[in-house]
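A.B. asks: build the 3D model from these lines:
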Amino acid sequence: MDQLVKLKNSVQALVPFGQYFPPVMFSYDKCKRKIDADEAGPGHVYANKLIHIFHDHKIDSFSRLHTRPGDDTETVYYSKLKGRFSQCAVFIILLTKGFYRSKVCLEEVDAATKTKNVKIIPVRLEADLPLEDKQWQMIDADDEEGVLCLENVQRHLGRLHHYPANETLFAEPDG
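C.D. replies: Numbers count the residues shown, from 1 in each chain. Below is the predicted model of the structure:
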């Protein structure tokens, strides 16, 4: 069994049966680095670790790791974030280099900025994160929707305090 499957299984085991609308959500990248052993990149590893820490402190949370095979990941994720029954109050962004290469992460943060009563908390997990002009470079100037999304997210992230301010939360995981 590969590492990603193990991470997903360990997180899915924490979720109660039935509908689940937790107060905390995570956004992280799925990018794999050259040093990673299999399909689980640092975003997966960090999210898994934090989800378990939160669970140990009786704080329910949700991430894409929680989605089960056969789920429409987009529908399930956005239902938890901004759906009719959403109880999301805290949206934690796990900042890694790969995060800024993920259009999915960009879209998740954009949606969180447009959701009422959701506090966004960016958490630095890697050093040397890209500057604004190097973030989400897949967005082309001709992509009007993408440009608006990018500008909205960068404007919001630029105003938020990042935790920790000048360091990273954990030592970077090895492959």
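A.B. asks: OK, contacts around Ala112?
C.D. replies: For Ala112, the contacting residues are 25, 27, 81, 91, 118, 120, by CB atoms under 8 Å, 6 or more residues apart in numbering. Yep, even glycine has a C-beta here, placed from its N, CA and C like the rest.
A.B. asks: neighbours of the third one, how many?
C.D. replies: Put plainly, it is Leu81. 20 (other CB atoms under 10 Å).
A.B. asks: distance check, it against Ala13.
C.D. replies: Distance of Leu81 to Ala13, given as CB to CB, to the nearest Å: 22 Å.
A.B. asks: what does the second one give?
C.D. replies: Taking CB to CB as the measure, Ser27 and Ala13 are separated by 22 Å.
A.B. asks: what about these two, which has more around it?
C.D. replies: Each of Ser27 and Ala13 has its neighbours counted (other CB under 10 Å); Ser27 has more, 27 against 8.
A.B. asks: now the more buried one, which residues is it bridged with?
C.D. replies: Here Ser27 sits in beta bridges with Ile93, as judged by DSSP bridges.
A.B. asks: does it touch Val109 like I think?
C.D. replies: Yes: Ser27 lies in contact with Val109 (CB atoms under 8 Å); the separation is 6.0 Å.
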